[in-house]
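J.: Build me a structure from this.
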Amino acid sequence: MRIKELIDHIIQKNSNTGIEVNRPASEEDIMIFEKQIGFALPNDFKEFYSTCNGFGCTEDIFNIVPLYEIRTYPVDYGSNWFYFAEYMIYCDMWGLRKISSTEYEIFNGSYPKLALTSSMQEFLERFLRGNVFDPGGLYDWHDEIGIK
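T.: Numbers count the residues shown, from 1 in each chain. Down below sits the predicted model:
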């Protein structure tokens, strides 16, 4: 399933509990963000932010953070990484880390040394399956790879 389709399904799934989807980021927004963090985003992240510049779900107070918000808070990014998703007003976060010129990994902020995936698409699929806490969701994923 493509990023746009995943976002459409996430919107449909969360429409009863509440979801707000931001307008897409422009190419210029993405270039400015990449310059500020010091590396190019993987293609699926560019596709995501070109489709919507983040979204917020009332369920679990989960957000994929818009680029301008990440840039505003330097504590949310560092050398070769940034947090792109959070729940319960930053009680927990998920980040993207560049590990080589062509490799990236998504990690949970509470367990930064363990990679969940290298794919925004897979991250969105897990969120679609079970949001943060439902079966198949982000925390089940943590348990599957040994984060307890």
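
J.: Now do whichever strand or helix holds residue 106: everything it contacts.
T.: With elements taken from DSSP states H and E, the one containing residue 106 is strand 104-108. Contacts made with strand 104-108 from outside it, assessed by Cβ atoms under 8 Å, 6 or more residues apart in numbering, are listed as 42, 92-99, 113-120, 123, 142, 147. For glycine as for every other residue, the C-beta is placed from the backbone atoms N, C-alpha and C.

J.: So which of those residues are in helices?
T.: The helices in this structure, assigned by DSSP state H, contain 120, 123, 142 from the contacts of strand 104-108.

J.: picking that back up, what strands line up against the strand holding residue 106, and which way round?
T.: On the basis of DSSP bridges, the sheet neighbours of strand 104-108 come out as strand 92-98 (antiparallel), strand 111-117 (antiparallel).

J.: Deepest in the core, which of those strands is it.
T.: Each of those was scored by mean neighbour count; the highest is strand 92-98, a mean of 20, by mean count of other Cβ atoms under 10 Å.

J.: Residue 51: what's it in contact with?
T.: Going by Cβ under 8 Å, 6+ apart, residue 51 touches 3, 4, 7, 24.

J.: now, which of those residues sits nearest residue 57?
T.: residue 7 (11.8 Å; Cβ to Cβ).

J.: Redo the ones in helices among the contacts of strand 104-108 as TSV? Include neighbour count and pLDDT.
T.: Converted to TSV, those look like this (neighbours: other Cβ atoms under 10 Å; pLDDT from 0 to 100):
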residue	neighbour count	pLDDT
120	25	98
123	24	97
142	18	80
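
J.: between those residues, which is closest to residue 58?
T.: Proximity of the ones in helices among the contacts of strand 104-108 to residue 58, judged by Cβ to Cβ, is greatest for residue 123, which lies at 19.6 Å.

J.: check which helix or strand covers the residue nearest to residue 46 when sequence neighbours are not counted.
T.: Nearest non-adjacent residue to residue 46, counting by Cβ to Cβ, 6 or more residues apart in numbering: residue 30, 5.9 Å away. Under DSSP H and E, the secondary-structure element containing residue 30 is helix 27-37.

J.: Each with direction, which strands does the lowest-mean-pLDDT helix or strand in the chain pair with?
T.: Using mean pLDDT, DSSP states H and E, the weakest-scoring helix or strand in the chain turns out to be strand 77-78, at a mean of 78. Using DSSP bridges, the neighbouring strands of strand 77-78 in the sheet come out as strand 81-87 (antiparallel).
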